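Enquirer: this one's structure only:
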């Protein structure tokens, strides 16, 4: 199973999402580096990024370069850290997003990402978002070429439906390693893809697992049961949500974004949170799903 190809890399149950450290409202570099180091100290071995995680048009790859610097000056062995980056989704610098799924572009973007990360081969490279102007098979074909050429070690996709997951896995000859879709208590429409990945043994990496940058601090409002469970266990609402996601199926690896050391330290503690069957059931049903 391809999930094992990620798990065999000693990947932690919870990863670190790097996006908040590079877009609007980002902290200074010193705090960002401290946050990445805090994640490593806490045992995190999966860091998620993308070439589109930047603020200004001229700083494509800002987050990739930031992560590369943090790993380089960590002062300890980081060879087991899996850096997952993405390509095919662009930010022109005006706050908008565009797509480019052309095979030639994706292959060029992957090689540029490898250079920024300072690696010969990217640990996990994911097609960021389908391009409506390019056949999906053509975009995934580029991932296959990157795999075969050794530019990337593992291939994944993001923002994909079940049909796209199956198509990608077929084109990659069963080598699809991950699917990264939005999933949280407030956004559960990707539950079907999550369950599909579990059946295939493909890692599912929820993005915005705490409801997004703006909502993460108010996550208790996303479900009426969260505060009750927080009181019962004496933990943070963020730990409750991540603990629930981890308990859904073994292939789930949440990647909460963080821009402060204390945030990722708190999130990692969700690995040790044991929720009862009743608590899991309360979190899984009851409240309307926000689409």
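Expert: The structure has been received and is ready for your questions. Quantities reported herein were computed from a predicted structural model and do not represent experimental measurements. Residues are numbered from 1 along each chain as shown.

Enquirer: ok, which stretches of the stretch 51-200 of the chain are strands?
Expert: Using DSSP state E, counting those that start in this stretch, the strands of the stretch 51-200 of the chain run over residues 82-87, 89-90, 98-99, 122-127, 152-158, 176-180.

Enquirer: the longest one vs strand 122-127, what angle?
Expert: Just to be clear, that refers to strand 152-158. 30 degrees (axes from the mean of the first three to the mean of the last three C-alpha atoms, to 10 degrees).

Enquirer: what's strand 152-158 packed up against?
Expert: helix 2-7, strand 122-127, helix 136-149, helix 162-171, strand 176-180 (3 or more C-beta pairs under 8 Å, 6 or more residues apart in numbering; DSSP states H and E). Yep, even glycine has a C-beta here, placed from its N, CA and C like the rest.

Enquirer: show me the contact partners of the longest one.
Expert: Taking C-beta atoms under 8 Å, 6 or more residues apart in numbering as the criterion, the residues outside helix 136-149 that touch it are 88, 101-104, 106-107, 110, 125, 127, 130-131, 152-155, 157, 164, 167-168, 171-173, 175.

Enquirer: helices and strands of the chain: which one has the lowest mean pLDDT?
Expert: In the chain, no helix or strand scores lower on mean pLDDT, DSSP states H and E than helix 2-7, which sits at a mean of 65.

Enquirer: got phi/psi on residue 22?
Expert: Per-residue torsions, residue 22: phi -130, psi -10 (degrees, to the nearest 10).

Enquirer: how deep is it tucked in, by neighbour count?
Expert: 25 (other C-beta atoms under 10 Å).

Enquirer: deepest in the core, which of the helices and strands packed on strand 152-158 is it.
Expert: Sort the helices and strands packed on strand 152-158 by mean neighbour count, taking mean count of other C-beta atoms under 10 Å, and strand 176-180 sits at the top with a mean of 27.

Enquirer: which neighbours in the sheet does it have, and how are they oriented?
Expert: Under the criterion DSSP bridges, strand 176-180 sits next to strand 152-158 (parallel), strand 203-204 (parallel) in its sheet.
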